[in-house]
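Trainee: Below: sequence and its predicted model.
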There are 6 protein chains.
Amino acid sequence: MRPSGRALDQLRTISLEPGFSKYAEGSCLVRFGDTHVLCTASVDETVPRFLKNTGLGWVTAEYGMLPRSTHSRTDREAAKGKQSGRTQEIQRLIGRALRAVANRSAMGEKQIKIDCDVIQADGGTRTAAITGSYVALHLAFQHLLQIGAIKSMPLTDQVAAVSCGIHQGNAVLDLDYAEDSTAQADANFVLTGRGGIVEVQGTAEETPFSEAQFNELMALARKGVDELVALQKTALGIK
Amino acid sequence: MRPSGRALDQLRTISLEPGFSKYAEGSCLVRFGDTHVLCTASVDETVPRFLKNTGLGWVTAEYGMLPRSTHSRTDREAAKGKQSGRTQEIQRLIGRALRAVANRSAMGEKQIKIDCDVIQADGGTRTAAITGSYVALHLAFQHLLQIGAIKSMPLTDQVAAVSCGIHQGNAVLDLDYAEDSTAQADANFVLTGRGGIVEVQGTAEETPFSEAQFNELMALARKGVDELVALQKTALGIK
Amino acid sequence: MRPSGRALDQLRTISLEPGFSKYAEGSCLVRFGDTHVLCTASVDETVPRFLKNTGLGWVTAEYGMLPRSTHSRTDREAAKGKQSGRTQEIQRLIGRALRAVANRSAMGEKQIKIDCDVIQADGGTRTAAITGSYVALHLAFQHLLQIGAIKSMPLTDQVAAVSCGIHQGNAVLDLDYAEDSTAQADANFVLTGRGGIVEVQGTAEETPFSEAQFNELMALARKGVDELVALQKTALGIK
Amino acid sequence: MRPSGRALDQLRTISLEPGFSKYAEGSCLVRFGDTHVLCTASVDETVPRFLKNTGLGWVTAEYGMLPRSTHSRTDREAAKGKQSGRTQEIQRLIGRALRAVANRSAMGEKQIKIDCDVIQADGGTRTAAITGSYVALHLAFQHLLQIGAIKSMPLTDQVAAVSCGIHQGNAVLDLDYAEDSTAQADANFVLTGRGGIVEVQGTAEETPFSEAQFNELMALARKGVDELVALQKTALGIK
Amino acid sequence: MRPSGRALDQLRTISLEPGFSKYAEGSCLVRFGDTHVLCTASVDETVPRFLKNTGLGWVTAEYGMLPRSTHSRTDREAAKGKQSGRTQEIQRLIGRALRAVANRSAMGEKQIKIDCDVIQADGGTRTAAITGSYVALHLAFQHLLQIGAIKSMPLTDQVAAVSCGIHQGNAVLDLDYAEDSTAQADANFVLTGRGGIVEVQGTAEETPFSEAQFNELMALARKGVDELVALQKTALGIK
Amino acid sequence: MRPSGRALDQLRTISLEPGFSKYAEGSCLVRFGDTHVLCTASVDETVPRFLKNTGLGWVTAEYGMLPRSTHSRTDREAAKGKQSGRTQEIQRLIGRALRAVANRSAMGEKQIKIDCDVIQADGGTRTAAITGSYVALHLAFQHLLQIGAIKSMPLTDQVAAVSCGIHQGNAVLDLDYAEDSTAQADANFVLTGRGGIVEVQGTAEETPFSEAQFNELMALARKGVDELVALQKTALGIK
């Protein structure tokens, strides 16, 4: 029995609210249960130095948590004067995940900056952030298409993410904080709409896990991402 | 005629949504039109060093803007590694405003940390933040009363804030971004429920303003704050 | 009775010593009693990026306190690796005050950097800094006129500042540290030679103040600034 | 054909030189071909704050690259004033890997600080670092046993790591820089002596990879780690 | 012929103004010609951690230049967020120089913090700073004696410093900026009242210098420091 | 009797291992007994801004210690976010020493970046670093000659360094840590192959030293550097 009463292979209630932000070229408020992340996509006409005159675009991401998004207050990174290792790890992951489905030559020399800000955190913020950011990115590209700044949709596939873990001996899908903080092992899976693996990060907290367990987690992830990809389609009005 | 079509002495549509955050001891999502600020109040059992063993409490505030809360994206302060002068100025103002109505000996040696995070910015974020933070602070104190951590409500009055300015020659109440960015002069007024002045900050952008103009702004502010104080009462269920 | 024995509407002994620095294009050592601030104006041929190719100039200011300018030693900001919120607030204020009387198109694309360094602090450092910086700025512009780098004096008026406050129930002019640290409320007024209001910053420390009290402070400030403006004229040899 | 001429499932020449450092309680210079990493283990009698009075120990790691360990010079992080996201990610990984085999209650309230400094980099620095750090940690614990500071060996298993990837369509073991920089996908595997999975990090650089490919990489990793674990035994003189 | 018209072995006009600061326990404004440095000595009841419970005191120093103390404006270190290598080198030198004549056990567990702030710079700021700081330190110790905080004067000798250099082929004493910036080699000498060498720092800028030249510089330094030590005595009213 | 059993004027066992690094244009692992420093020279096609279009080159140096190069672990500067004053002092010294023998116009507008990383520290790291860096620099210039990037060897002489000190009343050559930490005074001498003085830094730790003592140290240094210069020749294969 999971703390939330969910079935072992059941996602939390997912909601994707596209166009949440008034100003961003693309945006999405994503909710995985009580985890709420605001994802925005901002178009920037300059690319990083190493891409100047290559004809290629770039997608990058930044991540942050509001200080009281968490159960007890977390110190504000801007006040501490630096981003934690965890923050940097997550924002690098989000950027890689989105670039895996971006056609960077179709983008042209443009940069999309994704901002993922956690309004409320109940576990799984990075996977929610990836799932919502895809929607924001898609919308920003749609906007660029509409204004004629690009000729074709520079996306090769959808991408979404979910966490799985071993909790009280069971493989479970989409861990919330109550599970995450007591899991024996957990893994984040970033998969494409067609089922390709973009990124896998599995970590054993206390005791190492076996290959059989790992495969069980991957199967759960596949089921979860299929559902997330379908919800992204609905949110974006894609058939 | 104002860009928004409002009367000269008319506030934007104000909304105060108490209890917005699942975890914070007190919280309020405040909206002044398209300006949206999430205010949370977190109880901390430690006070700053200079208050150790004085029996007095403290209220402090931090302020931040989501990178894409603004028309064009603003660099993330956590990534830049420091808070701007503007950010520090605003968070110091919010802290002073709330301490002006806090009975710090009734609080005991506790600290309330207020976080004001701008989700969307359309002018007047600091005045919205003060108005919403009062609600969050009130709720946090109510919580402390209910659990018996304090004996009486450590608030001596309400506090709210509004900006006024000279726009196209007219004194106007509650500037939005369109007005703020072209105003000849503007001033922020922080007033108590009983009408006392807590803080006044007036700045002439291009041409200095006269004492008569300044008094006109103060009269508008008084009208605006009276309405905000009434809305705070409603939100808090106070008669 | 004031701690210093001054009348309620009496400034401290003011001294303005122009040309104090051997190297700066303009400089002034200003003394408001025991508060001593060295103000220098340095000409810089580059403007901030947002003014490139606009034909407009810029005036900016930095502020610092020597570690032992204060009663007890204050940590050196360079050693701590950052400027405090108070420092940033003050230097932003000084910059705005001077820009309010600068004719930025007459300056051409030049920047004047004002440095205000507090040699000794006995209250009112920011108002002394503004008053002295005006003299330094005027001298730097005179220098540019003399060498033919500008065609006309790019100043539209004089500017000076003074603090007022409620001390032991009385409205008093030009608070020294003994008064400032025990004042019920205080306000800084930045006014032009012709009496226009450039900036007003009033703060109630303990109990909010009334509009009547505020108007009393403004009247005192007006008297004080009139005297400071006359002293600036004398220091600059202007009739 | 691999650039180095190795077989698809062949490790580079591995060397583990225990006791390389004169001062550290444990140390090992590890070489994976031209990748050379100096790993030291330093005993610290203090634990992080969150472990005070829990009776538990801690193992943590820091990672750095000498500026000219790389093909072209990399800026020195100490001079830039911060560690990159990549550095933080790697040092967090090393710490987690070692804690997975540490018996933290057998350690008592002690901390082992691992330093992994890359003298020369030719791909796979993080996996070499984990493999060598295990040896350094083992030696530091032996030292503590010998001086009677602990009663039993606080290690539950060995741990080692290797990278695998898809290069020119083939799954290959232990990528060097020539392969790493052109691989289609790569993954780092941290496994225990008994074959448990401690950490898996797989990333598709250009095109997502399939589950079949992923399993192929895991099989190669298992072979490689078995060999590394045997080499650790030899280096430590364990049968 | 020297640019200033001085004889080869002639100091600039030296002035030592003790008690310049109203608040510091000891202070001295030192002038070596157009080089002006304000030195203050602040008593701090805490010692650095490594001296806790040793019964020994400490003397430390910090150094800074006002941004426009120099011919062209130097960026403010507090604004840049760090002290330059040059600043750190100088403040470490000043601290060592003063500790060389401090009887740290006679001080007891107290710390004297010396602040040397350059008001105007025309070469030789570090040697002026050492010479003036000795006076400030002496006065601070006198103050501690007078209030009974220490029993005896914790100074074993006087200390002063001067620079010498090879300028246009001649060995000259006390270089000003015009000489310093074109010298072939220069050296700073820190000597005690009794003639002991505390610190020597010689640097060849363009061509290495010979031992004979070096000895010539040392002889000049000895003459200069003898005069400085006599001026310190006069300033302190010591026979 | 010295702790190491060496004669008063005896260097430690010196070893210079040129070409230690696989990638650097020049490199040398230098050992002064148990002090081991890896010196690399990297060619950079850009010069600092102040040398643009002057036709002159630049040589600069950075210095670092591995955290466990020392008897007890030293905090990592990259993790602390800044280089210590000591580090900056040393790297500035190394840069000046090498520039003293560089013909910067023969270099052309190129920059050589020297990195000195201390693998193991037993006293005298800065003098070892200078001695080894000369070899690395020489090799980098040889490489530039061979590829035709420069026309002639841009070195005017050799340069090497050694420390001397007063230990238990005796003047001794090349202090190791046991001597350095208890020396009464010590000095670092940087001399050229032809015997010119490039830099002298003498510091009295406890009691000032006399001119006679200082001259004794200089004589020892001269002997030591002569031997080091001969060893550099051997390492470089120069007759």
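Mentor: Nice, I can see it. Residues are numbered from 1 along each chain as shown, chains lettered A, B, ... in the order given.
Trainee: Okay, and the spatially most central residue of chain A sits in which element?
Mentor: By C-alpha atoms, centre = their mean, chain A has its centre lying nearest to residue A:130, at 1.1 Å. Following DSSP states H and E, one finds residue A:130 within helix A:125-146.
Trainee: about what we covered before: give me the pLDDT for the residue nearest to the centre of chain A.
Mentor: On pLDDT, residue A:130 comes in at 98.
Trainee: Excluding chain neighbours, what is closest to the residue of chain A most remote from its centre?
Mentor: Distance from the centre of chain A peaks at residue A:53, with 29.7 Å (C-alpha atoms, centre = their mean). Closest residue to residue A:53 apart from its sequence neighbours, by C-beta to C-beta, 6 or more residues apart in numbering or on different chains: residue A:109 at 7.9 Å. The way it works is simple: take the backbone N, C-alpha and C, and place the C-beta from them, glycine included.
Trainee: Would you check that that neighbour makes contact with residue A:55?
Mentor: Yes. Between residue A:109 and residue A:55 there is a contact at 6.3 Å, judged by C-beta atoms under 8 Å.
Trainee: which of these two has more neighbours?
Mentor: The neighbour count for residue A:109 versus residue A:55, taken as other C-beta atoms under 10 Å in any protein chain shown, is higher for residue A:109 (17 against 11).
Trainee: wait, what's in contact with residue A:149?
Mentor: Contacts here follow C-beta atoms under 8 Å, 6 or more residues apart in numbering or on different chains; on that basis residue A:149 touches A:108, A:110.
Trainee: Same check on residue A:235?
Mentor: Neighbouring residues of residue A:235 by C-beta under 8 Å, 6+ apart: A:16-18, A:28, A:135.
Trainee: what's the answer for residue A:16, then?
Mentor: A:28-31, A:131-132, A:135, A:231-232, A:234-235.
Trainee: are any of those residues buried, and which?
Mentor: The neighbour-count test (16 or more other C-beta atoms under 10 Å in any protein chain shown) marks A:28-31, A:131-132, A:135, A:231-232, A:235 as buried among these.
Trainee: Just those residues: which are in helices?
Mentor: Residues of those located in helices (DSSP state H): A:131-132, A:135, A:231-232, A:235.
Trainee: Among the residues you listed, which one sits closest to residue E:139?
Mentor: Of all those, residue A:132 has the smallest distance to residue E:139: 65.6 Å, by C-beta to C-beta.
Trainee: What distance do you get for that closest one to chain C?
Mentor: Going from residue A:132 to chain C by C-beta to the nearest C-beta, to the nearest Å gives 33 Å.
Trainee: now that residue, nearest residue through space, not along the chain?
Mentor: Closest to residue A:132 by C-beta to C-beta, 6+ apart is residue A:30, at 2.9 Å.
Trainee: And the pLDDT for the one you found?
Mentor: At residue A:30, the model reports a pLDDT of 98.
Trainee: isn't it right up against residue A:131?
Mentor: Yes. The pair residue A:30 and residue A:131 passes the contact test of C-beta under 8 Å, sitting 5.8 Å apart.
Trainee: Pull up the overlap in contacts between the two.
Mentor: What both residue A:30 and residue A:131 touch, as defined by C-beta under 8 Å, 6+ apart, is the set A:14, A:16.
Trainee: Show me what from chain A comes close to chain D.
Mentor: By C-beta under 8 Å from any C-beta of the partner chain, the residues of chain A that approach chain D are A:82, A:85-86, A:88-89, A:91-92, A:96, A:100, A:157, A:187, A:191-192, A:194, A:196-204, A:207-211, A:214, A:218.
Trainee: ok, of the residues you listed, which come out buried?
Mentor: Buried among those by 16+ other C-beta under 10 Å: A:82, A:85, A:88-89, A:91-92, A:96, A:100, A:157, A:187, A:191-192, A:196-204, A:208-209, A:211, A:214, A:218.
Trainee: Mind checking which of those land in strands?
Mentor: A:187, A:191-192, A:197-204 (DSSP state E).
Trainee: Quick check: the farthest pair among the residues you listed?
Mentor: Most distant of those, by C-beta to C-beta, are A:192 and A:204, 26.0 Å apart.
Trainee: of the ones in strands among the buried ones among the residues of chain A next to chain D, the lowest pLDDT goes to which?
Mentor: Within those, pLDDT is lowest for residue A:204, at 91.
Trainee: Without its sequence neighbours, what residue ends up closest to it?
Mentor: residue A:185 (4.4 Å).
Trainee: for that neighbour, what are its contacts?
Mentor: Here residue A:185 is in contact with A:165-166, A:202-209, A:213 (C-beta under 8 Å, 6+ apart).
Trainee: cool, residue A:92 as well?
Mentor: So residue A:92 contacts A:61, D:85-86, D:89 (C-beta under 8 Å, 6+ apart).
Trainee: quick one: which of these is nearest to chain C?
Mentor: Of all those, chain C sits closest to residue D:85, with 21.6 Å by C-beta to the nearest C-beta.
Trainee: interface residues of chain A facing chain C?
Mentor: Contact residues, chain A versus chain C (C-beta under 8 Å from any C-beta): residue A:81.
Trainee: Return the distance of the residue of chain A found nearest chain F relative to residue A:75.
Mentor: Shortest chain A-to-chain F distance, computed as C-beta to the nearest C-beta: residue-wise this is residue A:82, at 7.6 Å. Distance of residue A:82 to residue A:75, given as C-beta to C-beta, to the nearest Å: 11 Å.
Trainee: and what of residue A:53?
Mentor: Separation of residue A:53 from residue A:75 (C-beta to C-beta): 41 Å.
Trainee: just residue A:134 next, same as before
Mentor: 30 Å.
Trainee: go on, residue A:45?
Mentor: Using C-beta to C-beta, residue A:45 is found at 35 Å from residue A:75.
Trainee: What residue in chain A comes nearest to chain E?
Mentor: Closest point on chain A to chain E, by C-beta to the nearest C-beta, is residue A:81, at 9.3 Å.
Trainee: hang on, the earlier thing: more neighbours, residue A:134 and residue A:75?
Mentor: Regarding residue A:134 and residue A:75, a neighbour count based on other C-beta under 10 Å identifies residue A:134 as having more, with 33 against 11.
Trainee: Look at that one and report its pLDDT.
Mentor: pLDDT at residue A:134 comes out at 98.
Trainee: Do I have it right that it meets residue A:231?
Mentor: No. In this structure, residue A:134 is not within contact of residue A:231 by C-beta under 8 Å, at 10.8 Å.
Trainee: Out of the contacts of residue A:185, which is nearest to residue A:177?
Mentor: The closest of the contacts of residue A:185 to residue A:177 turns out to be residue A:165 (C-beta to C-beta; 11.9 Å).
Trainee: number of nearby residues for that closest one?
Mentor: Residue A:165: 27 neighbours (other C-beta under 10 Å).
Trainee: try residue A:45
Mentor: For residue A:45, which is what you asked about, the neighbour count (other C-beta under 10 Å) is 9.
Trainee: wouldn't it be in contact with residue A:110 here?
Mentor: Yes. Contact criterion C-beta under 8 Å: residue A:45 and residue A:110 qualify, at 6.4 Å.
Trainee: and the helix or strand containing residue A:106, how far out from the chain's middle?
Mentor: Assigned by DSSP H and E, residue A:106 falls within helix A:104-107. Computed by C-alpha atoms, centre = their mean, to the nearest Å, the chain-centroid distance of helix A:104-107 equals 21 Å.
Trainee: what do you get for stretch A:134-154?
Mentor: The answer for stretch A:134-154 is 19 Å, by C-alpha atoms, centre = their mean.
Trainee: Same question for stretch A:139-156.
Mentor: 21 Å.
Trainee: same thing with stretch A:116-124?
Mentor: The chain centre lies 11 Å from the centre of stretch A:116-124; the measure is C-alpha atoms, centre = their mean.
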